[in-house]
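Engineer: Provided below are the primary sequence and the corresponding predicted coordinates.
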Amino acid sequence: MRKVLGKLHMYLGLFCASYLIVFGLTSLNFNHHFAFFEPNNDKVTWEKSITVADNADDLKLAESIRDALGLMGWAPPWRYRHDEQNSFSFDIYRPAKTYAVKVNPERTRVQVEETRLGFMAAYKSLHAVERIPNSILVKVWPVYTEVCMFFVLFAVASGIYFWARSRESKLLGWILLLGGSGGSILFMLFIWLRG
């Protein structure tokens, strides 16, 4: 039993190590705003001919244009705009890029201003991304996240089990375990009660 738990502890730890590094760095960035996480904002403009049917529902129109362009990402409704000639503009957001899209009144020609945010913007989005429209690969990430979350709970339990079964002196271990856990709980209670 101990040998199987040891192998699970080690191999699941190796499997989840990359996620734990991503989660740790991005968590630090939320509080400290590291310069290397800042987006690049390199802009490229391009055009493409498409064929989409006009639609009174702006959401369906934006999604059909996005799909015709072969892009992935969200097209939020608060970014939809119509001008006097009935040209339709909207934005598409995804982790490493944003697109400002403008389609002509006939819905046959699209102008796109693509903003490339860079690798670190994509890295930062891995902290909590669950679903991106038109992306098959991102569907796997939430499953990996769940596996890693359950591994952390397993690692804590199995680590305590291995430590408790060891023959070495445990006084320092008990001090660290109770001090770390108890100190964290007391600190959270202090913040909750005192604000």
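Structural biologist: Nice, thanks for sending it over.
Engineer: how about residues contacting stretch 144-151?
Structural biologist: Here stretch 144-151 makes contact (C-beta atoms under 8 Å, 6 or more residues apart in numbering) with L12, G13, F15, C16, Y19, L20, F23. Quick note: C-beta positions are derived from backbone N, CA and C, even for glycine.
Engineer: name the nearest of those relative to I50.
Structural biologist: If you rank those by distance to I50 using C-beta to C-beta, Y19 comes first, at 37.6 Å.
Engineer: and the closest one, what helix or strand is that in?
Structural biologist: Mapping Y19 onto the secondary structure by DSSP states H and E places it in helix 2-32.
Engineer: could you give the mean pLDDT of that helix?
Structural biologist: When the per-residue pLDDT values of helix 2-32 are averaged, the result is 89.
Engineer: which strand residues bridge V103?
Structural biologist: Beta-bridge partners recorded for V103 (DSSP bridges): F88, V110.
Engineer: before we move on, back to that, farthest-separated two in the contacts of stretch 144-151?
Structural biologist: Of all pairs drawn from the contacts of stretch 144-151, the one with the longest distance (C-beta to C-beta) is L12 and F23, at 15.4 Å.
Engineer: next up, the contacts around the closest residue in space to P77 that isn't next to it in sequence.
Structural biologist: Using C-beta to C-beta, 6 or more residues apart in numbering and skipping residues adjacent in sequence, the residue nearest P77 is L59, 6.0 Å away. L59 sits next to A75, P77, Y80 when contact means C-beta under 8 Å, 6+ apart.
Engineer: buried set for the helix or strand encompassing L59?
Structural biologist: Here L59 sits within helix 58-69, counting by DSSP H and E. The neighbour-count check on helix 58-69 (16 or more other C-beta atoms under 10 Å) flags D58, L61, A62, E63, S64, I65, R66, A68, L69 as buried.
Engineer: nearest to V103 among those residues?
Structural biologist: Here the nearest of these to V103, counting by C-beta to C-beta, is I65; it sits at 5.7 Å.
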